[in-house]
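Peer 1: Fold the stuff below for me.
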Amino acid sequence: MSWLPQLGLPRPAPRIEALRPAHAERLAEIHAQAFARPWSALEFEGFLTDRTIQADGLFLGRARQPAGFVLSRVTLDEAEVLSVALDRAARGQGHAGLLLARHLETLARAGAACVHLEVEEGNAPAFALYRRLGFRQSGLRPGYYARPDGSRATAVSMTRELEGPLPPPL
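Peer 2: Presented below is the predicted three-dimensional model:
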């Protein structure tokens, strides 16, 4: 918790920075808060050393470890968002919009002209964010996601072309 607001000082702006293998353990912790089948630190290390992966982290204040992340794989001129997650304490503050908008810029610089992602059908906050960022529904995958209670949820596929300006971060 920061004492800056109590002293009348503004909080430092969130930073979006490229992630490194040293962040793998923290990414696994964040992922476990958000998904029924979390990825391990070893899996994250593999992603973070893969040259086809673009990985951006959300860093708050002077933190050296991220409070959120987004990972995407770029193949030729297309990208697929593999995972997006924020630490519980960082949710609901507009950080996801900033993180994703900057990540789309990273993907465009990496040569992606089109970005694909999938989101669980019941995830209203994610749907709203993706739509604000220009994503449109492109398909459905019934029973794709496992839920903690053992039931299955539909994945909604979404796509966004990267030609043209990006909407401003939220």
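
Peer 1: longest helix anywhere in this protein?
Peer 2: Assignment by DSSP state H gives helix 95-109 as the longest helix of the chain.

Peer 1: With just CA atoms, put it into CSV.
Peer 2: Extracted as CSV, the C-alpha positions of helix 95-109 are listed here (Å, rounded to 0.1, in the frame of the first residue of the first chain):
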residue,chain,number,x,y,z
HIS,A,95,-5.2,-1.0,-15.8
ALA,A,96,-6.3,-3.8,-18.2
GLY,A,97,-7.2,-1.2,-20.8
LEU,A,98,-3.8,0.5,-20.7
LEU,A,99,-2.0,-2.9,-20.7
LEU,A,100,-3.9,-4.3,-23.7
ALA,A,101,-3.8,-1.0,-25.7
ARG,A,102,0.0,-0.9,-25.3
HIS,A,103,0.3,-4.6,-26.0
LEU,A,104,-1.6,-4.1,-29.3
GLU,A,105,1.0,-1.5,-30.2
THR,A,106,3.7,-4.1,-29.4
LEU,A,107,2.0,-6.6,-31.7
ALA,A,108,1.7,-4.1,-34.5
ARG,A,109,5.4,-3.3,-34.2
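
Peer 1: Show residues contacting it.
Peer 2: If you take CB atoms under 8 Å, 6 or more residues apart in numbering as the criterion, helix 95-109 is touched by 14, 16, 18, 54, 56, 58, 60, 67-70, 72, 74, 79, 81, 84, 86, 115, 129-130, 132-133, 160, 162, 166-170. Using the backbone N, CA and C atoms, a C-beta is placed for each residue, glycine as well.

Peer 1: Could I have the PyMOL command that selects the buried members from those residues?
Peer 2: Here is the PyMOL selection string for the buried members of the contacts of helix 95-109, based on 16 or more other CB atoms under 10 Å:
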select buried, resi 14+16+54+56+58+60+67+68+69+70+72+74+79+81+84+86+115+129+130+133+160+162+169
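
Peer 1: Having no further points to raise, I will conclude here.
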